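Novice: Pasting a predicted model and its sequence here:
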Amino acid sequence: MHEIEQLNKISQRIADATKLSMEYAEVFQVAKYDYGEFYKYHYDFGRKDRNGYRSLNRVATVLIYLSNVSKGGATIFPASKTIIRPEIRSAVFWLNLHENGDGDKRSLHAGCPVLEGTKWISTKWLHEEGQEFLRPCNLVQPPVWKISHVEEKLNI
Ligand SMILES: O=C(O)CCC(=O)C(=O)O
Ligand SMILES: [Fe+2]
């Protein structure tokens, strides 16, 4: 299968799992962490500019683990006390914005230092645009949850 077709297939699976539109999503980004490398605490959402406008804001993140990591390298969300350990072909999905478009501070996260092995990830950021009628409106919305068994569904 051609590479583009494979990526489109994964995008479609993300759309099916998240029930969100991929129309304005960014291209898949790939990152590699070697021994001791990490990603410090941050938010994935954008900040407002001087005029109070946000552009290209990332409503949600899908993080696919492309490798196992023998030690370290977990993705952590202190607000929800969630630790996701990399498992090859598994994915984690979370929302970065409240329904009114403001950044959700509970989405603060970090990639812990890799202590042994190499960590490969692919990140897909979904944008606010296109979600207007799709984003579920739940009163109680967990800030982060693991998409179970994505590893079986994603053929990457
Ligand atoms: O490497 C991780 O576990 C986190 C990566 C991340 O937060 C990002 O790419 O925005
Ligand atoms: Fe991030």
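Specialist: It's in. Numbers count the residues shown, from 1 in each chain. Ligands and ions are numbered 1, 2, ... in the order given.

Novice: and the closest residue to His127 other than its chain neighbours, how many residues sit next to it?
Specialist: Sequence neighbours aside, Tyr24 is the residue nearest to His127 in space, at 4.0 Å (criterion: C-beta to C-beta, 6 or more residues apart in numbering). Heads up, the C-betas are built off the backbone N, CA and C, glycines and all. Neighbour count for Tyr24, taken as other C-beta atoms under 10 Å: 14.

Novice: which secondary structure element contains Tyr24?
Specialist: Assigned by DSSP states H and E, Tyr24 belongs to neither a helix nor a strand.

Novice: Would you state the helices of the chain in chain order?
Specialist: 3-18, 150-153 (DSSP state H).

Novice: For ligand 1, give me its nearest residue in the chain.
Specialist: Gly111 (2.8 Å; C-beta to the nearest ligand atom).

Novice: for the residue lying closest to that residue once chain neighbours are set aside, what are its contacts?
Specialist: In this structure, Gly111 finds its nearest non-sequential neighbour in Tyr39, 3.6 Å apart by C-beta to C-beta, 6+ apart. By C-beta atoms under 8 Å, 6 or more residues apart in numbering, the residues touching Tyr39 are Tyr33, Ala110, Gly111.

Novice: next one: Leu115
Specialist: Contacts of Leu115 (C-beta under 8 Å, 6+ apart): Tyr35, Gly36, Ser70, Lys71, Gly72, Gly73.

Novice: Surely the fifth one touches Glu116?
Specialist: Yes: using C-beta atoms under 8 Å, Gly72 and Glu116 qualify as a contacting pair, with a distance of 6.8 Å.

Novice: higher neighbour count, the two?
Specialist: Neighbour count, other C-beta under 10 Å: between Gly72 and Glu116, Gly72 has more, with 20 against 10.

Novice: For Ala74, see how far away the residue nearest to the more buried one when sequence neighbours are not counted is.
Specialist: Spatial nearest neighbour of Gly72, excluding adjacent residues (C-beta to C-beta, 6+ apart): Leu115 at 3.4 Å. Distance, Leu115 to Ala74, by C-beta to C-beta, to the nearest Å: 10 Å.
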